[in-house]
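> here is the input, now give the coordinates:
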Amino acid sequence: MHWWEKILREILVGEKLFTPGAGIDGGNRKRLFIIDSVTTSAIDVLSGNAHIKLEKTCFDVIEEAFVDNGQLWLRCASIRANEPLEDSADKIIRERTHSQLARGNYVCSILEKTRVVKYSMRGNRKGIELHH
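As a prediction, the model looks like this:
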């Protein structure tokens with residue numbers, strides 16, 4: 001699949017994106033973030049006053065999960081708590097990086113923007129699945 005190469009080709013510095021938000025359209029919970037820098041090892045985003053580094057590993061672990069299970073569905077939601085939500089992109093990112101930073105929403109948004117995944121709903125829960 002090689003998602004990282006696709007992301008590096010398509011994401012531009014200065015681009016404005018939104019976190020997934022609630023519901024399929026994002027509702028009023030979407031939050032703006034801006035691509036601040038792009039290197040071969042990380043994408044830095046600016047969300048409010050916070051600078052957040054999204055290492056290549058954050059994207060690789062999501063890609064690996066989908067390679068292992070093409071029918072996988074991962075929740076987008078992140079909660080500002082010590083424990084990430086079960087079956088979420090944020091949980092597997094935290095486990096791989098050994099960091100408690102909530103970065104799943106940003107990663108999901110970038111993956112959706114580059115059309116490697118798409119948003120879908122299961123009940124009132126928003127998640128990502130492979131874009132076929």
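> can you give me the strands for this protein?
In the chain, the strands defined using DSSP state E lie at 16-18, 32-38, 42-47, 50-55, 74-75, 117-122, 125-130.
> out of the ones you listed, nearest to residue 64?
Checking the strands of the chain against residue 64 by C-beta to C-beta gives strand 74-75 as the closest, at 12.0 Å. (Glycine included, C-beta is placed from N, CA and C.)
> so who does residue 30 touch?
18, 19, 20, 21 (C-beta atoms under 8 Å, 6 or more residues apart in numbering).
> deepest of the strands of the chain, which one?
strand 74-75 (a mean of 22; mean count of other C-beta atoms under 10 Å).
> off-centre distance for that one?
10 Å (C-alpha atoms, centre = their mean, to the nearest Å).
> what does it contact?
Outside strand 74-75, the residues that touch it by C-beta under 8 Å, 6+ apart are 62, 65, 85-90, 92, 108, 125-129.
> apply 7 Å and report the result again.
If you take C-beta atoms under 7 Å, 6 or more residues apart in numbering as the criterion, strand 74-75 is touched by 85, 87, 88, 89, 125, 127, 128.
> might you report the residue contacts of the closest residue in space to the fourth one that isn't next to it in sequence?
Beyond its immediate neighbours in the sequence, the residue positioned closest to residue 89 (C-beta to C-beta, 6 or more residues apart in numbering) is residue 104, lying 4.0 Å away. Residues in contact with residue 104 (C-beta under 7 Å, 6+ apart) are 76, 78, 88, 89, 90, 93.
> at 10 Å what do you get?
Taking C-beta atoms under 10 Å, 6 or more residues apart in numbering, we find residue 104 in contact with 19-20, 58, 62, 74-78, 84-85, 88-94, 128.
> quick one: it from residue 52, how far?
11 Å (C-beta to C-beta, to the nearest Å).
> over to residue 7?
Distance from residue 7 to residue 52, by C-beta to C-beta: 16 Å.
> ignoring the adjacent residues along the chain, who's closest to residue 116?
residue 3 (5.1 Å).
> verify the stated contact: the one you found with residue 59.
Yes - between residue 3 and residue 59 there is a contact under C-beta atoms under 10 Å: 5.8 Å.
> so which of the two has more stuff around it?
Taking other C-beta atoms under 10 Å, residue 3 and residue 59 do not tie; residue 59 has more neighbours (24 against 20).
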